[in-house]
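S.K.: this is the structure alone, sequence omitted:
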């Protein structure tokens, strides 16, 4: 029931996901009620599509921490409750982002040893592949140790979900050589260089972002969010405003990307863009399935338990 | 004699500037020697083109601080000496950037009251206009007060050199509302909001960079340098690699932009990209003329003396 185009686009996304049938053992649990969903249930059995009606609705601007106490019948409260009890394996919403993050960090909780859960974004690269940039906004101020943990979280996501072998991890910086950067980047470089659990390839600069010089790129959330939004604007500015028809520019259309996982928590949670369309919801359902299949949270629990 | 294509492109730039004759009272003083310059001097009188031969050459990777002691016959040593004695009004080089910054800050020196000179970049906007982003790399770690000074320096540059009336100043941030950002941005917002000498219009996000929501955009040099290089890569990635023919994308071709002034010092100094071509040198000569005519350094000396 969340997002700018709910429930039309989210329900249409569910329909597309079921019709594509790429993941026949995936069961969708939809929190909410709408005629579209009910008509879908005539076609699909409950072990493919289960509907859990909601009795409360959370607006986009509601105070995130109050949602769980004051709206127990909302999709947020019901979904995070089911997720923490392992009744579902992954939870997606395009609704109130603050409420999603509160659910992810206060109900699902960070993995033991992870000081800051993080949100990555997919960066479309000119060679057709993608990079993973993190953090992109939930950790505006970071310590070097945070960037080191982002590197481990991103590296495991790239390896286990994106199936990148031995992912190359880079630090976003203002020069290629060691010793460049602000105080944070210089200190983070030292930690990344010494960490035996990642394949650190050094610094990359802003000009390298689209060139696939690394599979995972770490930075603080202030920088990452500015870079994310700048990259996201490429489709709007060059595709929509300038009217350039180009396949690569279309790959920056984030309304079709959908959402991003929260990394470093005990379950799979995907925070969707408010503007997500049906294609985005379909892709996020596939992503949720892949994360659940890879069992990334358990893998990360193991890594941080031994670290 | 500096830059990746010296002296061919710099000399050709001088020739283009003289032939265009847009600034008939501009006198060029060229530090260096080459056959091209000598042939130009047959056409132009010394009050349009004066050649000062150099006896030392500075490589791109030489240690910047040693240049002035060990290479007194270099263009750097001769040029900054003439500049500080007001024999010339502006100094441009595409050579060793470190040596340029040492000359700007150690020989020309910061304006009294300016704690950190800064370098801006021009951001091409989709509406055909430009924004001014600063700092873009010489101040990787900043305090809130530095960003406030960048705002004053950029605002005066926009007003007096770019002829923008009442330039709108914004803070690059991760949300539009007051209170968003990292610790630096939050504190800088408070200073910018209270400063009576600038027209502060609030935060802008990464997605707004090309939309001309502000004339001057301030941030720390780490963030600014990453954004600068990302923006610069747009021509390389979309224009050259993807082969997109588009006028707006061509505006990101920084080999034609040339250089950037150092703001907050007592004289006009323009640091050029190493890859500058003849068009870039021609444009920088025009820019140097405009800065000299506007007498920006004196204006800034007055503003910081009374502040």
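M.R.: In hand now; what should we look at? Note that the structure is a prediction, hence the values are computed from the model and not measured. Numbering: from 1, shown residues only, chains lettered A, B, ... in the order given.
S.K.: what packs against whichever strand or helix holds residue A:231?
M.R.: If you go by DSSP states H and E, residue A:231 is part of helix A:221-234. In terms of contacts (3 or more Cβ pairs under 8 Å, 6 or more residues apart in numbering or on different chains; DSSP states H and E), helix A:221-234 is packed against strand A:120-124, strand A:130-134, strand A:168-172, helix B:221-234. C-beta here means a position set from N, CA and C on the backbone, and glycine is covered the same way.
S.K.: now tabulate these in CSV and tack on distance to residue A:263 and mean neighbour count.
M.R.: Formatted as CSV, those follow (distance: least, Cβ to Cβ, whole Å; neighbours: other Cβ atoms under 10 Å in any protein chain shown):
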stretch, distance to residue A:263, mean neighbour count
strand A:120-124, 6, 22
strand A:130-134, 7, 25
strand A:168-172, 14, 25
helix B:221-234, 22, 25
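S.K.: can I get these in TSV including mean pLDDT?
M.R.: Output for the helices and strands packed on helix A:221-234, formatted as TSV (pLDDT from 0 to 100):
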stretch	mean pLDDT
strand A:120-124	96
strand A:130-134	98
strand A:168-172	98
helix B:221-234	97
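S.K.: just want the angle from the helix holding residue A:231 to strand B:168-172.
M.R.: 120 degrees (axes from the mean of the first three to the mean of the last three Cα atoms, to 10 degrees).
S.K.: who's in contact with the next helix or strand after helix A:221-234?
M.R.: On the C-terminal side of helix A:221-234, the nearest following helix or strand under DSSP H and E is helix A:247-250. Applying Cβ atoms under 8 Å, 6 or more residues apart in numbering or on different chains, the contact partners of helix A:247-250 are A:124, A:126, A:234-235, A:238-239, B:238, B:242, B:244.
S.K.: if you set the cut-off to 7 Å instead, what comes out?
M.R.: By Cβ atoms under 7 Å, 6 or more residues apart in numbering or on different chains, the list of residues contacting helix A:247-250 from outside reads A:126, A:234-235, A:238-239, B:242.
S.K.: got a PyMOL select line for the buried ones in those residues?
M.R.: Buried residues within the contacts of helix A:247-250, by 16 or more other Cβ atoms under 10 Å in any protein chain shown, are selected in PyMOL with:
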select buried, chain A and resi 126+234+235+238+239
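S.K.: wait, residue A:54 sits on residue A:77?
M.R.: No: counting by Cβ atoms under 7 Å, residue A:77 is not a contact partner of residue A:54; they are 8.8 Å apart.
S.K.: out of those two, which sits in the busier spot?
M.R.: Neighbours were counted for residue A:54 and for residue A:77 using other Cβ atoms under 10 Å in any protein chain shown; residue A:77 has more, 23 against 20.
S.K.: out of everything not next to it in sequence, what's closest to the more buried one?
M.R.: Nearest non-adjacent residue to residue A:77, counting by Cβ to Cβ, 6 or more residues apart in numbering or on different chains: residue A:68, 5.3 Å away.
S.K.: again, but for residue A:228
M.R.: Spatially, and ignoring its direct neighbours in sequence, residue A:228 is nearest to residue A:136 (4.3 Å; Cβ to Cβ, 6+ apart).
S.K.: hmm, that neighbour is touching residue A:222, no?
M.R.: No: here residue A:136 lies out of contact with residue A:222, judged by Cβ under 7 Å, at a distance of 9.9 Å.
S.K.: residue A:233 and residue B:193, how far apart?
M.R.: Distance, residue A:233 to residue B:193, by Cβ to Cβ, to the nearest Å: 26 Å.
S.K.: and for residue A:150?
M.R.: Distance of residue A:150 to residue B:193, given as Cβ to Cβ: 32 Å.
S.K.: output the below-cut-off pLDDT ranges for chain A.
M.R.: For chain A, the stretches with pLDDT under 70 are A:307.
S.K.: so which residues on it come close to chain B?
M.R.: Counting by Cβ under 7 Å from any Cβ of the partner chain, chain A comes close to chain B at A:126, A:137, A:140-141, A:172, A:174, A:181-183, A:185, A:205-207, A:209-210, A:222-223, A:225-230, A:232-233, A:237-238, A:241-242, A:244, A:246, A:248.
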